[in-house]
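> need a 3D model of the following:
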Amino acid sequence: EARGDLCPTRLRALTPEARTAHLCRIRGIGPWTGDMAAIFYFQEPDIWPDRDAAANKAFRRLLREGQSLAEAAAQFAPYRSFLALHLWRWVDGAL
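Numbers count the residues shown, from 1 in each chain. So this is what the prediction gives:
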């Protein structure tokens, strides 16, 4: 039943990867939603939302030529969620 699948205490006990995999078993929830839940609800500090178009587009503007997004984002571990939050604020014109 979905109610048990969404128990915050049970979900919080999982690793972010396991939590996203668990959530993706629920119809309508995909990896992007799992990343957003990890960042905003579970306040995980090290999530890079690699499926987020706005974060990726903004980050590409800052990369050196030939540098991959994954390679560049890895340099910000264990604080990639904060990188994403700042990139979103930049895209929104708040920075």
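> avg pLDDT for stretch 14-21?
On average, the pLDDT along stretch 14-21 is 97.
> for that stretch, which positions count as buried?
Buried residues in stretch 14-21, counted by 16 or more other C-beta atoms under 10 Å: 16, 19-20. From N, CA and C alone the C-beta is placed, and that goes for glycine too.
> ok, residues contacting that stretch?
Contact with stretch 14-21 is made by 11, 22, 31, 34-35, 37-38, 42, 44, 46-47, as judged by C-beta atoms under 8 Å, 6 or more residues apart in numbering.
> among those residues, which two are most distant?
The most widely separated members of these, counting by C-beta to C-beta, are His22 and Asp46 (18.4 Å).
> so where's the chain shaky on pLDDT?
For the chain, residues meeting the criterion pLDDT under 70 lie at 1-4, 95.
> show me what contacts Phe42?
11-12, 16, 19.
> those helices in the protein, which residues are they?
Ranges of helices in the chain, per DSSP state H, are 2-5, 8-12, 16-23, 31-36, 53-60, 69-74, 80-91.
> returning to that earlier point: ok, so of the contacts of Phe42, who is nearest Ala54?
Pro16 (20.3 Å).
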